[in-house]
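Participant: Pasted the sequence and its predicted model underneath.
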Amino acid sequence: MEIPPKSPDGSEKSPQSKELLTSNTGSSLCISSRSESVWTSTSRSKWDIYHKPVIVVSVGAAVFLFGMVITSLSCIQIKNKNIYKMCGPAFLSLGLMLLVCGLVWIPIIRKKQKQRQKSQFLQSLKSFFFNR
């Protein structure tokens, strides 16, 4: 059996294993920042909570309307008709997909907010009774 070489400072662990133990990875930073946001009770505005789904719904509606315009151009214009017939439905489906995803996202956020409020209430209630 081969014995691993000792590190220069005389400890038994190799320098690579020390580096792995002491390094801060991105995943551990994400986990810690996420857990801090759960425990803080700072009130956020409606725009801070709903800005992402509102942007997705807006972009989806714009792409959907653009697809409607291109599809209607395939019915009216004779020149480049095949291009309009191919691109129109693609923009229609992409816009509809974004629109539906954004509209479904909003109730999910509302449900999460209610669960977070219940969790904070139960946690404060638990700390009230157990810290006596």
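Facilitator: Cool, got the structure.
Participant: After the lowest-mean-pLDDT helix or strand in the chain, which helix or strand is next?
Facilitator: The weakest-scoring helix or strand in the chain, judged by mean pLDDT, DSSP states H and E, is helix 26-39 (a mean of 47). Downstream of helix 26-39, the next assigned helix or strand under DSSP states H and E is helix 46-76.
Participant: Buried residues, that following helix. List them.
Facilitator: Within helix 46-76, the residues that count as buried by 16 or more other C-beta atoms under 10 Å are 50, 53, 56-57, 60, 63-64, 66-67, 70-71, 73-74. Where you see a C-beta, it was placed from the backbone N, CA and C, and this is true even at glycine.
Participant: Which of these sits closest to residue 98?
Facilitator: Residue 98 lies nearest to residue 60 out of the buried residues of helix 46-76, by C-beta to C-beta, at 2.9 Å.
Participant: quick one: contacts for the closest residue to that closest one other than its chain neighbours?
Facilitator: Nearest residue to residue 60 in three dimensions, chain neighbours excluded: residue 98, at 2.9 Å (C-beta to C-beta, 6 or more residues apart in numbering). With contact set as C-beta atoms under 8 Å, 6 or more residues apart in numbering, residue 98 has these partners: 56, 57, 59, 60, 63, 64.
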